[in-house]
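[1] below are the sequence and a predicted model; questions follow.
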Amino acid sequence: MNTYSIEVSNLRKSFGEQTVLDGVSLIVAKGTIFALLGPNGAGKTTLIHILSTLSEPDDGFARIEGHDVVYARNEVRRSISLTGQFAAVDEVLTGQENIMMMCRLSGLTPGESRLRTAELLKQFDLESAAGKRVKTYSGGMRRRLDLAVSLVVNRPVLFLDEPTTGLDTVSRRSLWEIILRLKEQGITIFLTTQYLEEADQLADEIAVLSAGRIVAAGTAEALKAHVGGEVIELRNRLDEVIRTIPTSGSVHDVRQTLNEIAHLCPPDTRIVIRKPSMDDVFLALTTAHQKEASLA
Ligand SMILES: Nc1ncnc2c1ncn2[C@@H]1O[C@H](COP(=O)(O)OP(=O)(O)OP(=O)(O)O)[C@@H](O)[C@H]1O
């Protein structure tokens, strides 16, 4: 039996003169969470569109649950759920009505639809908001509803395109818990994100996409070892960042780093200690000249 849910080999896609995917290869084991990390415009949505049969590659191939995304579209579509960046729910309807409608459109009987709707409202913590119109929902509630709607029928693979972009910290964490619960049910999850922390919290494997190429791939630990657990940021009196220094985040490392640089800093220099951002990841990867590095 194939142990991979998703196999992508040397995938290429251009729009006119612009090369958006420049030979992307990756594999995702069944029942795991895979995070594709990349900044705006890196090609993440383009890849999800190809994997979910909404668009065709120019070259290379991809298989979902063993089915080719070009030659076995119907089988692929029967294997996946897709939640895009923008909630595909009807704002005028209530949350309950939206799920009910999707159940009926998916071929469930009225009785089955009622049961499934109740299940999903519970699973996605939407019971108290079930009878309210979606236009009154918060960003987090909408995102949960969007996920519920896309999971009306159980499929082995779930694509999530930037599931928490624009959400506040509390909503983001509650969505993370839901995503982890879906993994416990055995679903393979492929998500895209711009947040290193999100990939770190959720993913078994991470690939970093930059300008259409995978520039690093491996576990969160491997990636963080490369970038550092925390970043020390030095700011001048105008609050401009003058230098960033990766560290492990341990008291020992932070103290040692500060000892080394303290005498070089003007007296009014301030420090901020924060988690690495995407910029730090790319800086670390590019300064190490590690195009296509495998950090596994
Ligand atoms: N249908 C299209 N026609 C022309 N160019 C496109 C098309 N779809 C995407 N692009 C271009 O491809 C590039 C990658 O876009 P894509 O949406 O895949 O990036 P992304 O990593 O998902 O970024 P974002 O987080 O902003 O969605 C962008 O420059 C975009 O303008």
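    Right, received. Where do you want to start? Numbering: from 1, shown residues only.
[2] who in this protein is up against the ligand?
    Within the chain, the positions adjacent to the ligand are Phe15, Val20, Gly38, Asn40, Gly41, Ala42, Gly43, Lys44, Thr45, Thr46 by C-beta under 6 Å from any ligand atom. From N, CA and C alone the C-beta is placed, and that goes for glycine too.
[3] now those residues in a markdown table, with pLDDT and secondary structure?
    Listed next are the residues of the chain next to the ligand as a markdown table, based on pLDDT from 0 to 100; DSSP: H, G, I helix; E, B strand; the rest coil:
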| residue | pLDDT | secondary structure |
| --- | --- | --- |
| Phe15 | 95 | strand |
| Val20 | 95 | strand |
| Gly38 | 84 | coil |
| Asn40 | 82 | coil |
| Gly41 | 85 | coil |
| Ala42 | 86 | coil |
| Gly43 | 91 | coil |
| Lys44 | 91 | helix |
| Thr45 | 91 | helix |
| Thr46 | 94 | helix |
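[4] what subset of the residues you listed is buried?
    Buried members of those, scored by 16 or more other C-beta atoms under 10 Å, are Val20, Gly38, Ala42, Gly43, Lys44, Thr45, Thr46.
[5] what's the separation between the fifth one and Val24?
    The one in question is Lys44. Using C-beta to C-beta, to the nearest Å, Lys44 is found at 10 Å from Val24.
[6] ok, back up a step: out of the residues of the chain next to the ligand, what pair is the most spread apart?
    Spatial extent of the residues of the chain next to the ligand (C-beta to C-beta) is set by the pair Phe15 and Gly38 at 16.9 Å.
[7] please parse this structure into its domains.
    Here the domain assignment for the chain is 4-224, 230-274, based on automatic domain parsing.
[8] most tightly surrounded among these?
    domain 4-224 (a mean of 18; mean count of other C-beta atoms under 10 Å).
[9] and Glu221, what element?
    Assigned by DSSP states H and E, Glu221 belongs to helix 220-227.
[10] tell me the mean pLDDT for that helix?
    Mean pLDDT, helix 220-227: 74.
[11] what angle separates the helix or strand that comes right after that helix from helix 220-227?
    As assigned by DSSP H and E, the chain's next helix or strand after helix 220-227 is strand 230-235. Interaxial angle, strand 230-235 versus helix 220-227 (axes from the mean of the first three to the mean of the last three C-alpha atoms, to 10 degrees): 30 degrees.
[12] Val254: which element?
    helix 251-262.
[13] same check on Ile242?
    strand 241-247.
[14] so where is the stretch 151-296 of the chain shaky, pLDDT-wise?
    Applying pLDDT under 70 to the stretch 151-296 of the chain picks out residues 278-279, 282-283, 286-296.
[15] could I get the full set of helices for it?
    Along the stretch 151-296 of the chain, counting by DSSP state H, counting those that start in this stretch, helices occupy 169-184, 196-202, 220-227, 251-262, 278-287.
[16] okay, helices next: where are they in the stretch 1-150 of the chain?
    Counting by DSSP H, counting those that start in this stretch, the helices of the stretch 1-150 of the chain are 44-51, 73-79, 95-105, 110-123, 139-150.
[17] what's in contact with the fourth one?
    Residues lying outside helix 110-123 but in contact with it, judged by C-beta atoms under 8 Å, 6 or more residues apart in numbering, are 95-96, 99-100, 103-104, 108, 126-127, 130, 148, 151-152, 178, 181.
[18] what's the farthest-apart pair in those residues?
    Counting by C-beta to C-beta, the most remote pair of the contacts of helix 110-123 is Arg104 and Arg181, 25.5 Å apart.
[19] what angle do the helix holding Glu221 and strand 241-247 make?
    Going by the same axes, to 10 degrees, helix 220-227 makes 130 degrees with strand 241-247.
[20] what's helix 220-227 in contact with?
    196, 199-200, 203, 206, 208, 216, 246, 276, 280-281, 284-285, 288, 295-296.
[21] from the residues you listed, pick the one nearest the ligand.
    Using C-beta to the nearest ligand atom, Val208 is the member of the contacts of helix 220-227 that lies nearest the ligand, at 11.5 Å.
[22] ok, for that closest one, nearest residue in space, not its chain neighbours?
    Using C-beta to C-beta, 6 or more residues apart in numbering and skipping the chain neighbours, the partner closest in space to Val208 is Ala216 (4.5 Å).
[23] one more: Leu126?
    Distances taken as C-beta to C-beta, 6+ apart place Gly95 nearest to Leu126, at 5.2 Å, with adjacent residues excluded.
[24] and that neighbour, what is it in contact with?
    Applying C-beta under 8 Å, 6+ apart, the residues contacting Gly95 are Val89, Leu121, Leu126, Ala129, Ala130, Gly131, Lys132, Val134, Tyr137, Met141, Leu145, Ala148.
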